[in-house]
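**Student:** need a structure here:
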Amino acid sequence: DGVITQPLLSSYALETMRTSYPSSSQDSPFRLVPGLALPKNESDLLFWLTLLLNQMEVKDDELFQSHVQYFREGGSPLEWARNQRDLLEQFHGVHYMPVRNIKGLLDLQNASS
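**Tutor:** Numbering: from 1, shown residues only. Alright, predicted model coming up:
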């Protein structure tokens, strides 16, 4: 059994997951599984922001701003997803959230094969 989290788009979310994770590992009846958003561009990333309860905090977060800047500079959605997946390797898997980007999910799967 597990609990899927929202995408970890901010420093606070990532740090909270890292500090909570040990308590959800071996001795716990459930596991925390981080969500992984798959935005295609800055607009998609900002869409994810609208789904979060703490939008103002996340919007001003340094990590989130680095994601925005990455897409603003024309960064590859596939590379961004790979980097995020690698960042989340320490957890018991990830839950891919390809809202409006099934192609991105398939590209990530094919790139991993």
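**Student:** for the rest of this, base every contact and every neighbour count on C-alpha atoms.
**Tutor:** Fine.
**Student:** identify the residues contacting the one residue sitting closest to the centre of the chain.
**Tutor:** Nearest residue to the geometric centre of the chain (CA atoms, centre = their mean): residue 36, 3.3 Å. Contacts for residue 36 (CA atoms under 8 Å, 6 or more residues apart in numbering) come out as 6-8, 81, 84-85, 94-97.
**Student:** strands of this structure, start to end?
**Tutor:** Under the criterion DSSP state E, the chain contains strands at 2-7, 31-37, 95-97.
**Student:** what helices or strands is the shortest one leaning on?
**Tutor:** Under the contact definition 3 or more CA pairs under 8 Å, 6 or more residues apart in numbering; DSSP states H and E, strand 95-97 sits against strand 31-37.
**Student:** so what strands line up beside the strand it packs on?
**Tutor:** Strand 31-37 pairs in its sheet with strand 2-7 (parallel), strand 95-97 (parallel), by DSSP bridges.
**Student:** and the gap between residue 63 and residue 70?
**Tutor:** From residue 63 across to residue 70, the span is 11 Å (CA to CA, to the nearest Å).
**Student:** worst average pLDDT in the strands paired with strand 31-37?
**Tutor:** Per-stretch mean pLDDT for those is lowest at strand 2-7 (a mean of 85).
**Student:** leaving out the residues flanking it, which one is nearest to residue 105?
**Tutor:** Leaving aside its chain neighbours, residue 105 sits nearest to residue 98 (6.2 Å; criterion: CA to CA, 6 or more residues apart in numbering).
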